[in-house]
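*Asks:* fold the following.
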Amino acid sequence: MTRIHERSGWMAGIVMLGAFAILYRNVVASLVDAWAHDGNYSHGFLIVPVAAFFVWERRHRLRETAVAGSLIGLVVLLGSLLMLVAGVLGAELFLTRLSIIGVLAGTVLFVLGWSHLRILALPLSFLILMVPIPAIVFNQIAFPLQLLASQFGERALNLASVPVLREGNVMILANTTLEVAEACSGIRSLISLLTLGIIYGYFTDTRMWVRTAIAAATIPIAIVTNGLRVAGTGIAAHYYGPAAAQGFFHEFSGWLVFIVAFGLLFMCVRLLLLVSPQRPVTTSPLASVA
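*Replies:* Numbers count the residues shown, from 1 in each chain. Model (predicted):
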C-alpha cells in the first residue's frame, strides 16, 4: 500500500511538472532573456544548475524520507498560480517570476510533504536569486550606491592629491568629467558577489551563522571595491586623459575589481575560520558498531 501511495504521489508530481512547463513557458523564456541581455542578472544562468546540484546532493535524504503530502501545499500552489495570473494581467514580471518558486514549493509540499520541503528549503530559497529585482526597488538601491561610490572616489582622489569637485554622482576633474552611472553603482558586482558568497559559504562550512556571515561580508566588500574602481578610474583619467576612463580599461577594471573582491572575501573566510574553526564531527565507537 505504501509503494502504491508513493507511486501515485510521484505520478501526480510528474503531471504537475508537465502542467508547470506549459503554464510557465513564456515566463521562463522572458527570464532567460533577462539573464542574457541584462548584465546585472547574468549570474542567473548559474542559479538553476547550482540549485539542481543542491537537490541532487540531498537525493539520499529525500529517498529515505516517507512521503506524506499535505493539503496546505495545494493552498500554496493555488496562491502561487493566482500570483501568476495577477502578474500577467498587471504586466508585472516580478510576480510571474516569483510565482515559479511558490509553485515548486507548493508542489513539493502537496505531493511529498513537510519533511521533503524542509530538505529542499535551501535549493528553493536559492532560486530567489535568479529573479530580477523590480525596477522601483532596483532604483532605490542603485542610486544610493552611486552616491556612495562617488563619495568614496572623491575622498580617495583627495588622498591621492588629485583635484576633484563632486556634484552628486558627477566628479569634475581638471581635464574631464566622470559620471558614476547606474552601471557603475556596484549593484552588479554586489549581486554577483552575494551569489558567489552564498555558494562559497555553503561548501566552506556547515554552520549556519558562518554561512550567513560569509554572505553578509560580500556587501561591504562589494561597496569598497567598487569605490576603489571609481577612484582608480579618476586617477587614470587625471594622468592619462579621458580615454583611460573608457573602452578597454573601463571593462578590464570591472573584472579586476571583481577578482580583488573575491580575494578579499577569501581572506575574510580564512580569518573567520581561524578565529572560529569548525569542530570535526566524531562518532562514538559504540554508535559505529550499532
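*Asks:* can you verify my assumption that residue 106 contacts residue 76?
*Replies:* Yes. Residue 106 is within contact range of residue 76, at 3.5 Å (criterion: Cβ atoms under 8 Å). Any C-beta I mention is one placed from the backbone N, CA and C, and that applies to glycine too.
*Asks:* between those two, which is the more surrounded one?
*Replies:* A direct count of neighbours by other Cβ atoms under 10 Å for residue 106 and residue 76 places residue 106 higher, at 24 against 20.
*Asks:* for the more buried one, what are its contacts?
*Replies:* 73, 74, 75, 76, 77, 78, 79, 80 (Cβ atoms under 8 Å, 6 or more residues apart in numbering).
*Asks:* how close does it get to residue 75?
*Replies:* Residue 106 is 8 Å from residue 75, where distance means Cβ to Cβ, to the nearest Å.
*Asks:* ok, residue 200 next?
*Replies:* From residue 200 over to residue 75 the distance is 36 Å, taken as Cβ to Cβ.
*Asks:* who has more neighbours, those two?
*Replies:* residue 200 (19 against 13).
*Asks:* quick check, pLDDT for the closest residue to that one other than its chain neighbours.
*Replies:* Closest residue to residue 200 apart from its sequence neighbours, by Cβ to Cβ, 6 or more residues apart in numbering: residue 214 at 6.3 Å. With respect to pLDDT, residue 214 scores 91.
*Asks:* and the helix or strand encompassing residue 214, how far from the chain's centre?
*Replies:* Assigned by DSSP states H and E, residue 214 belongs to helix 208-240. For helix 208-240, the separation from the chain centroid amounts to 17 Å (computed by Cα atoms, centre = their mean, to the nearest Å).
*Asks:* now do the buried residues in it.
*Replies:* Neighbour-count burial for helix 208-240, counted by 16 or more other Cβ atoms under 10 Å, picks out 210-211, 213-215, 217-218, 221-238.
*Asks:* so where's the chain uncertain?
*Replies:* 1-13, 16, 182-185, 243-245, 247-252, 280-290 (pLDDT under 70).
*Asks:* picking up where we left off before, right, and the residue nearest to residue 200 touches residue 199 too?
*Replies:* No. Judged on Cβ under 8 Å, residue 214 makes no contact with residue 199 at a distance of 9.8 Å.
*Asks:* okay, and the common contacts of those two?
*Replies:* Counting by Cβ under 8 Å, 6+ apart, nothing touches both residue 214 and residue 199.
*Asks:* packing partners for the helix or strand in which residue 254 is found?
*Replies:* Assigned by DSSP H and E, residue 254 belongs to helix 247-275. Here helix 247-275 touches helix 187-204, helix 208-240, going by 3 or more Cβ pairs under 8 Å, 6 or more residues apart in numbering; DSSP states H and E.
*Asks:* list the residues that contact residue 154.
*Replies:* Going by Cβ under 8 Å, 6+ apart, the list of residues near residue 154 reads 164, 166, 171.
*Asks:* neighbour-wise, give me the winner out of those.
*Replies:* residue 171 (26 neighbours).
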